[in-house]
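> Here's a sequence, model it:
(2 chains)
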Protein chains: 2
Amino acid sequence: MSRITIVGGGLVGSLLTVLLARRGHKVDVFERRGDPRRTNVYAGRSINLVVSHRGWTALKAAGVQDAVERIVVPVYARMTHDLDGKLTRLPYSIENRAIHSVSRGELNKVMLTEAEKLPNVKLHFDHPCVEVDLEHARCTFRHEVSGAVSNIKSDVVFGADGAPSAVRQAMMRGRFNFSQSFIEHDYKEIAFPSNADGTPKMDPQCLHIWPRRYFMLMGLANQDGGFTGTLFMPHAATENSPGFDVLKEEKDVRKFFQDHFTDAIPMVPDLVEQYMRNPQSNLAIIRCAPWTHKDKVALIGDAAHAIVPFYGEGMNAGYEDCKVLNDLLNQHGDDNWGVVLDAYHKARKPNGDAIADLSLRNFVEMRDLVADPKFILRKKIEGRLQQRHPDKWLPLYSQVKFSDIAYTDAWNEGLRHDRIMEQVLAMPGIEEKWESEEVEKMALGLLEGLA
Amino acid sequence: MSRITIVGGGLVGSLLTVLLARRGHKVDVFERRGDPRRTNVYAGRSINLVVSHRGWTALKAAGVQDAVERIVVPVYARMTHDLDGKLTRLPYSIENRAIHSVSRGELNKVMLTEAEKLPNVKLHFDHPCVEVDLEHARCTFRHEVSGAVSNIKSDVVFGADGAPSAVRQAMMRGRFNFSQSFIEHDYKEIAFPSNADGTPKMDPQCLHIWPRRYFMLMGLANQDGGFTGTLFMPHAATENSPGFDVLKEEKDVRKFFQDHFTDAIPMVPDLVEQYMRNPQSNLAIIRCAPWTHKDKVALIGDAAHAIVPFYGEGMNAGYEDCKVLNDLLNQHGDDNWGVVLDAYHKARKPNGDAIADLSLRNFVEMRDLVADPKFILRKKIEGRLQQRHPDKWLPLYSQVKFSDIAYTDAWNEGLRHDRIMEQVLAMPGIEEKWESEEVEKMALGLLEGLA
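Alright, predicted model coming up:
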């Protein structure tokens, strides 16, 4: 059994800890922030998360599914809010399947508690990593409060320390490919409170979206009846769109919400105050390679593949990393780290790239297409195809959120679907005959032609 | 007039110093290494450089052309060495124009001496930059020997500190796009000595190439009759190619050179010893944006756009950055840094990307195509076209090395030439009729069609 250091005790770090400790390894977790069960480390800057099928698969493998089920809210559909406050409900799946909304902080607390139950796990909070010696799997941590420096030598180090990863920083000094690319949009959290009696002000089983083409507001339910809302808007205004750079005065902010998100205003009495107070965060895609250094160090989760949040798959992709690593340990044994880490990188790197592409694509869909009648028609046609030919047609969203199909395969299949549906939607009179056999035949014929 | 801090006293830093000091600015240069006029800071790890037209244009603008002309060797052609040692000479230009080989170290020394002649310049060696406060244009340096820390506040900071730029590092903490991408090949220097009487062992007015498809050796003349040779080979062996990772034993190295570079062996008596002793370096392309922070900080040269050395344009691209900046100061005045830096970034960033693409493309040409009869035929056809229609056809190489045409335009024109020449080379019997009017008409017709 190996001595393992996990840098980062967030969502991925804590799940990885449970999986590895259950296998018998001795696991030390070093987290730069404080213990989230004691201090509110995520205040005002967290997008709510969704657990999808891949996430559940990994949680099951770690035996913590039950603990997590208690803190999630099922979400069955998107609910779009148009300019007049008119609602349209778009189910995620024809089989009434749900994704599950969860607060990042709550999930992290549960997972840390699960990890701490295991006797061979030790958690060290307030311990930022300041240096990693890759060759010797040795990490240096400096205690936030006392300044005391610890040098921890282990057999294997996992960098589960998120987008600003210190472990990755050490790898960058070598022959290491890396890119960070910021998208045009930043975001800001807006909390929607519950009613006075604790009931929610909107349907909690929907992800609410106010798609406005160049910017959008979204909201995901919390267990307390409130919603975590997030405003996505360009960092800098363009001729088509307002931007965080120009929306700085209270009166402008008020007018902006009145103009674009009228129905949200009565639900959030302190909306302008929150906008003025909450931090503005930016969004980057990070890609790198290789994720591993010999049999000694591996990156996992956002440290290896930070993506934008629009598919709600960042955590699920990281959880799937853990699950695949666990499978590889089953396959190759627990004392064969060189082989396991190599196979882990080969298996996961292309999928990290694919989910980055998918998450950007879904941003366009969310802010733009969900408000487009053609898009809604496409969803209906795809739903019908899936219903009648479930073996042949699984929509991209279902592949990503409700299956274990590799992200790379889902991406390719999604592009194929795009090409097919473009031709189908160009059929004359498609609005009237979308439920006809003619349309079905056309789609399936194209599908076979492109196979 | 402004107080300017230039981080990095290498090739670009020293030219920029001369240009800015001549305009009347007070310039302080901080270089992390020692003074190259006192210690050999480049020992055993420098590819020789070539000054091309753009380089000369910038050197002229700085008034240092004469000083540099004294230390260069003109290079008029490529000379390929095949497996049997057979030589083929391929002129760079039909007008007998030359690029100019120069030792990095010698050029740096001359430029520092030129800079130091100016009363408003101060050079500080052994001063690595450890921190930059972008908002206040304040840099922190720690003296290599004494450890003394200096905080230097200025009006504008230029990061001319090369690929590992500390200034860029500070910018990366913000909303800053960045990528570093290593190519498959590493390199190692092999020095070719002169004959005992100081005469060169090969034609010094040629760039010598041993193209072997998956790896290559090249040599550029020095003023002392020797050549700086460079072996480019994959970092890791593949099924097609040896690699630095497997070529570690003296006997294998000897056999490798005997098999592939037979005619180089008698010229370099200590070839194997040099291979064993000299460091192996890797090659990366760095792209980033934005290159500037408000009116306070700008990246220049490799710090902004590190490229691979295969077009011999890295320094020339950096010199052109300096020239363009100087032109913009002429245009907008010396107290208008916000406007000037913004215009500088807009003008140079696309060209930084284009020369990165061009330099990768030329690697394929050098290691691969120069040994291909089709490539040689193409060069002949293009040479003829240029000779007969100089207003219509300027080969890509000439655009890059013998003109001021923007790299972006050269890249696009190069792609257009590729498409045309592909069709021309596919003409039946092209080997016999390449000098015919038919071929000329075909090429020019296609050129007009694609215009």
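> can you pull the pLDDT of A:Lys379?
What the model reports for A:Lys379 is a pLDDT of 88.
> How about A:Asn48?
At A:Asn48, pLDDT is 78.
> Measure how far the host helix or strand of A:Cys139 is from the centre of its chain, please.
In this assignment (DSSP states H and E), A:Cys139 forms part of strand A:138-142. How far strand A:138-142 lies from its chain's middle: 29 Å, per C-alpha atoms, centre = their mean, to the nearest Å.
> Quick check: buried residues in it?
Judged by neighbour count using 16 or more other C-beta atoms under 10 Å in any protein chain shown, the buried positions of strand A:138-142 are A:Arg138, A:Cys139, A:Phe141, A:Arg142. Where you see a C-beta, it was placed from the backbone N, CA and C, and this is true even at glycine.
> Over to stretch A:330-343?
A:His332, A:Trp337, A:Val340, A:Leu341, A:Asp342, A:Ala343.
> Distance check, the residue nearest to the last one when sequence neighbours are not counted against B:Ile190.
So the one you mean is A:Ala343. Spatially, and ignoring its direct neighbours in sequence, A:Ala343 is nearest to A:Leu328 (5.1 Å; C-beta to C-beta, 6 or more residues apart in numbering or on different chains). Note on A:Leu328: its distance to B:Ile190, by C-beta to C-beta, to the nearest Å, is 43 Å.
> what about these two, which has more around it?
B:Ile190 (25 against 20; other C-beta atoms under 10 Å in any protein chain shown).
> On the three-state scheme, the more buried one is what?
strand (DSSP: H, G, I helix; E, B strand; the rest coil).
> quick one: contacts for it?
The neighbourhood of B:Ile190, defined by C-beta atoms under 8 Å, 6 or more residues apart in numbering or on different chains, consists of B:Leu217, B:Gly229, B:Thr230, B:Leu231, B:Val268, B:Leu271, B:Gln274, B:Tyr275, B:Asn278.
> any idea which of the residues you listed has the most stuff around it?
Of the contacts of B:Ile190, with other C-beta under 10 Å as the count, B:Leu231 tops at 27 neighbours.
> and A:Thr17, that one's in a helix?
Yes - judged by three-state DSSP, A:Thr17 forms part of a helix.
> Centre of the chain to the longest helix along chain A, how far?
Of all segments of type helix in chain A, defined using DSSP state H, the longest is helix A:337-367. Put simply, helix A:337-367 sits 12 Å off its chain's centre (C-alpha atoms, centre = their mean).
> related to what we said a few turns ago, ok now do the residue nearest to A:Ala343, which residues does it touch?
By C-beta under 8 Å, 6+ apart, the residues touching A:Leu328 are A:Val340, A:Ala343, A:Tyr344, A:Ala347.
> Can you tell me what sits against the strand holding A:Cys139?
Contacts to strand A:138-142, defined as C-beta under 8 Å, 6+ apart, come from residues A:5, A:7, A:30, A:124, A:127-133, A:148-154, A:157, A:167.
> Please state the offset of stretch A:65-79 from the chain centre?
Put simply, stretch A:65-79 sits 15 Å off its chain's centre (C-alpha atoms, centre = their mean).
> hey, C-alpha coordinates of that stretch in PDB?
The C-alpha trace of stretch A:65-79 is given here as PDB (Å, rounded to 0.1, in the frame of the first residue of the first chain):
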ATOM      1  CA  GLN A  65     -24.000   7.800  -2.900                       C
ATOM      2  CA  ASP A  66     -26.500   7.800   0.000                       C
ATOM      3  CA  ALA A  67     -24.800  10.600   1.900                       C
ATOM      4  CA  VAL A  68     -24.900  12.800  -1.200                       C
ATOM      5  CA  GLU A  69     -28.500  11.900  -2.200                       C
ATOM      6  CA  ARG A  70     -29.700  13.500   1.000                       C
ATOM      7  CA  ILE A  71     -28.500  17.000   0.000                       C
ATOM      8  CA  VAL A  72     -29.500  17.200  -3.700                       C
ATOM      9  CA  VAL A  73     -32.600  18.600  -5.500                       C
ATOM     10  CA  PRO A  74     -33.700  16.900  -8.700                       C
ATOM     11  CA  VAL A  75     -33.900  19.100 -11.800                       C
ATOM     12  CA  TYR A  76     -36.000  17.700 -14.600                       C
ATOM     13  CA  ALA A  77     -36.100  20.600 -17.100                       C
ATOM     14  CA  ARG A  78     -34.900  23.900 -18.200                       C
ATOM     15  CA  MET A  79     -37.300  26.700 -17.600                       C
END
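> List the buried residues of it.
Buried-residue list, stretch A:65-79, by 16+ other C-beta under 10 Å: A:Ala67, A:Val68, A:Ile71, A:Val72, A:Val73, A:Val75, A:Tyr76, A:Ala77, A:Arg78, A:Met79.
> Going by distance to B:Ser403, which of the residues you listed wins?
Nearest to B:Ser403 among the buried residues of stretch A:65-79 is A:Arg78, at 55.3 Å by C-beta to C-beta.
> Excluding sequence neighbours, find me the nearest residue to the closest one.
Computed as C-beta to C-beta, 6+ apart, the closest residue to A:Arg78 that is not its neighbour in sequence is A:Leu90, at 4.5 Å.
> Pull out the buried residues from the host helix or strand of that neighbour.
Using DSSP H and E, A:Leu90 sits within strand A:87-91. Buried residues in strand A:87-91, counted by 16+ other C-beta under 10 Å: A:Leu90.
> tell me which element the residue in the stretch 251-400 of chain A that chain B sits nearest to is part of?
Among the residues of the stretch 251-400 of chain A, A:Asn282 lies closest to chain B, at 5.2 Å counting by C-beta to the nearest C-beta. Element membership for A:Asn282, per DSSP H and E: strand A:280-289.
> which strands and helices sit next to that strand?
With contacts taken as 3 or more C-beta pairs under 8 Å, 6 or more residues apart in numbering or on different chains; DSSP states H and E, strand A:280-289 sits against strand A:177-192, helix A:302-305, helix A:337-367.
> confidence score at the residue in chain A positioned nearest to chain B?
Proximity of chain A to chain B (C-beta to the nearest C-beta) peaks at A:Ser179, 3.5 Å away. pLDDT, A:Ser179: 97.
> Leaving aside the residues adjacent along the chain, what's closest to it?
A:Ser179 sits nearest to B:Ser179 (C-beta to C-beta, 6+ apart), 3.5 Å away.
> Give me the number of neighbouring residues for the one you found.
Neighbours of B:Ser179 (other C-beta under 10 Å): 17.
> any idea which element A:Thr113 lies in?
Per DSSP H and E: helix A:104-116 holds A:Thr113.
> tell me what that helix is packed against?
helix A:11-22, helix A:65-69, strand A:121-124.
> Start and end of stretch A:235-254, how far apart?
Using C-alpha to C-alpha, to the nearest Å, the end-to-end distance of stretch A:235-254 comes to 18 Å.
> list the buried ones in it?
Within stretch A:235-254, the residues that count as buried by 16+ other C-beta under 10 Å are A:His235, A:Pro242, A:Gly243, A:Phe244, A:Leu247, A:Val253.
> going on from the longest helix of chain A, what's the next piece of helix or strand?
Following helix A:337-367 in sequence, per DSSP H and E, is helix A:373-388.
> hmm, back to that, as CSV, could you dump the C-alpha coordinates of the strand holding A:Asn282?
Extracted in CSV, the C-alpha atoms of strand A:280-289 (Å, rounded to 0.1, in the frame of the first residue of the first chain):
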residue,chain,number,x,y,z
GLN,A,280,-17.0,39.4,-10.4
SER,A,281,-15.2,36.2,-11.4
ASN,A,282,-13.8,35.2,-14.8
LEU,A,283,-14.0,32.0,-16.7
ALA,A,284,-11.1,30.2,-18.3
ILE,A,285,-10.4,27.0,-20.1
ILE,A,286,-7.2,25.3,-19.1
ARG,A,287,-5.7,22.5,-21.1
CYS,A,288,-2.4,20.8,-20.5
ALA,A,289,-0.3,17.7,-21.1
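> For it, the averaged confidence score.
95.
> ok, the following helix or strand past that strand near chain B or not?
Using DSSP H and E, the helix or strand that follows strand A:280-289 in sequence is strand A:292-293. No - judged by C-beta under 8 Å from any C-beta of the partner chain, strand A:292-293 stays clear of chain B, getting no closer than 14.7 Å.
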